[in-house]
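>>> I'd like to go over a predicted model; first the sequence, then the structure.
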Amino acid sequence: MDLDNEINNHHANISEQEDIIIELKKELDDEKIIKNRTKEYLFVLENRISKKDKKIKSQDKKIKSQDKKIKLQDKKIKKLKKENRILKTSTSWKITAPLRKLMSFVKRYY
């Protein structure tokens, strides 16, 4: 009888351990599912981040090209202003110098 009790106890222990193993496997499967979902979510987030990074880089390129255009336009404006100043002074001398000569000629003879 002792042997039968001992065998029954071992069977009970084995079935109890099998139940524990089944529960642990379920928990492990649940953890794997959570881990996979987390990996998928991280993948989606990384894709979003990389897309936004690409947009930011393209915007930076656009901004830099616009800055270059602005600098070139500023240089052109400065050059045109300088040329305009030179032109104004040179034309004023071109106009006034002959008039002065004419006036001095007129004053001498009249």
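Received the coordinates, thanks. Numbers count the residues shown, from 1 in each chain.

>>> drop to CA atoms for contacts and neighbour counts, all remaining ones
Noted.

>>> may I have stretch 98-106 as PDB, with CA atoms only?
Output of stretch 98-106 as PDB, limited to C-alpha atoms (Å, rounded to 0.1, in the frame of the first residue of the first chain):
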ATOM      1  CA  PRO A  98      30.100 120.800 -70.700                       C
ATOM      2  CA  LEU A  99      27.500 123.200 -69.300                       C
ATOM      3  CA  ARG A 100      30.200 124.900 -67.200                       C
ATOM      4  CA  LYS A 101      32.500 125.100 -70.200                       C
ATOM      5  CA  LEU A 102      29.700 126.600 -72.200                       C
ATOM      6  CA  MET A 103      28.800 129.100 -69.400                       C
ATOM      7  CA  SER A 104      32.400 130.100 -69.000                       C
ATOM      8  CA  PHE A 105      32.600 130.600 -72.800                       C
ATOM      9  CA  VAL A 106      29.400 132.700 -72.700                       C
END
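
>>> please work out the average pLDDT along that stretch.
The average pLDDT for stretch 98-106 rounds to 79.

>>> contacts for that stretch?
For stretch 98-106, contacts defined as CA atoms under 8 Å, 6 or more residues apart in numbering pick out no residues.

>>> and it, how far from the chain's centre?
Centre-to-centre, stretch 98-106 and its host chain are 68 Å apart (CA atoms, centre = their mean, to the nearest Å).

>>> which helix or strand contains the residue nearest to the spatial centre of the chain?
Centroid check for the chain by CA atoms, centre = their mean gives Ile56 as the closest residue, at 2.1 Å. Using DSSP states H and E, Ile56 maps to helix 2-109.

>>> mind checking how far that helix is from the chain centre?
Distance, stretch centre to chain centre, for helix 2-109: 0 Å (CA atoms, centre = their mean).

>>> got the confidence number for Ile86?
79.

>>> pLDDT weak spots in the chain?
1, 90-94, 110 (pLDDT under 70).

>>> rerun at 50
By pLDDT under 50, the chain has no low-scoring segment.

>>> residues contacting the residue nearest to the centre of the chain?
Per CA under 8 Å, 6+ apart, neighbours of Ile56: none.

>>> now it: how far from Ile49?
Look at Ile56 and Ile49: by CA to CA, to the nearest Å, they are 10 Å apart.
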